[in-house]
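A.B. asks: Everything below, folded, please.
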Amino acid sequence: MKIILGFDTCGETLSICIKSGIRYHEINKFDGLKHAQTLMPLINTMLKDMGIIPGEIDLITCSRGPGSFTGLRIGISTAKGLSYGLGIPYVLVPSLDAMAFSFSCTDEIIVPVLDAKKGRFYAGFYQKGKQISNYLDIEPDKLLDECSRFSSVLLTGPGAVTLFSNINSNKNIKIDPLFDKGISRSIISCGEAIFHESGPSDKSASPIYLRKSEAEINRMGKPFERT
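C.D. replies: The predicted model follows:
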């Protein structure tokens, strides 16, 4: 794979990366979930800056979730549209896997965290880049209780600071100083590995949702049910 496009739209920070050979061009932009307006213009600008035409892209990689319902739909629809229009494969990468990827060489327990709203977090537990728990939609106290089972835990991801504010004297839990970094470069690395191991994502591939959307809840006429 010579040229790979990767992007993450699971949260309020839009992260886009293009890998061309050994070169990487990455942009991270906090746009408050205005990804529909900014994603394609930024991709086009980055391709132009690197002297790449869209037809030269070999693989598209995109975050699959969990995360913002709207953000994920925009990102995955864009990935599928580009894949179909350019005739190239695409791979969807779980967001939490990508957040943990850069810590693949450490024995420390890594917990990527996303603010899931309604007083809950999306999270997962990883060691050496491997998932050792299910994807979680969990209350902060319960998540911190799970963290306390380990001698050393590093929180990362855009929800890490919010969760860390709930910690009192639990000294085994630390926070990644780059907790809110863009993950599009990791999306590319994970996506490339997935592609070589199991091929492209199926055309019917859908986001990872750990709960029902607000629209679905409202249609049912029921209050939010904790899982």
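
A.B. asks: residues making contact with the longest helix seen in the chain?
C.D. replies: Scanning the chain for the helix with the most residues, using DSSP state H, yields helix 69-86. Applying C-beta atoms under 8 Å, 6 or more residues apart in numbering, the contact partners of helix 69-86 are 5, 7-12, 33, 35-36, 39-40, 54-55, 57, 60-65, 88-90, 92, 203, 205-207, 209, 213-214. Bear in mind the C-beta positions are built from the backbone N, C-alpha and C, glycine included.

A.B. asks: And that helix, what's buried?
C.D. replies: 69, 71-76, 78-80, 82-83, 86 (16 or more other C-beta atoms under 10 Å).

A.B. asks: For residue 88, list the residues it contacts.
C.D. replies: 57, 58, 59, 60, 82.

A.B. asks: switch to 7 Å and redo it
C.D. replies: 57, 58, 59, 60 (C-beta atoms under 7 Å, 6 or more residues apart in numbering).

A.B. asks: Which residue lies nearest the spatial centre of this protein?
C.D. replies: Residue closest to the average C-alpha location in the chain (C-alpha atoms, centre = their mean): residue 95, at 2.5 Å.

A.B. asks: thought that one was touching residue 10?
C.D. replies: Yes - with contact defined as C-beta atoms under 7 Å, residue 95 reaches residue 10; the gap is 4.4 Å.

A.B. asks: measure residue 91 to residue 83 for me?
C.D. replies: 10 Å (C-beta to C-beta, to the nearest Å).

A.B. asks: try residue 183
C.D. replies: Taking C-beta to C-beta, one finds residue 183 at 20 Å from residue 83.

A.B. asks: so what are the domain limits for this protein?
C.D. replies: 3-95+181-210, 97-175 (automatic domain parsing).

A.B. asks: As CSV, those domains with mean pLDDT would be great.
C.D. replies: Output for the domains of the chain, formatted as CSV (pLDDT from 0 to 100):
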stretch, mean pLDDT
domain 3-95+181-210, 96
domain 97-175, 92
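
A.B. asks: quick one: contacts for residue 184?
C.D. replies: 6, 7, 8, 15, 16, 17, 26.
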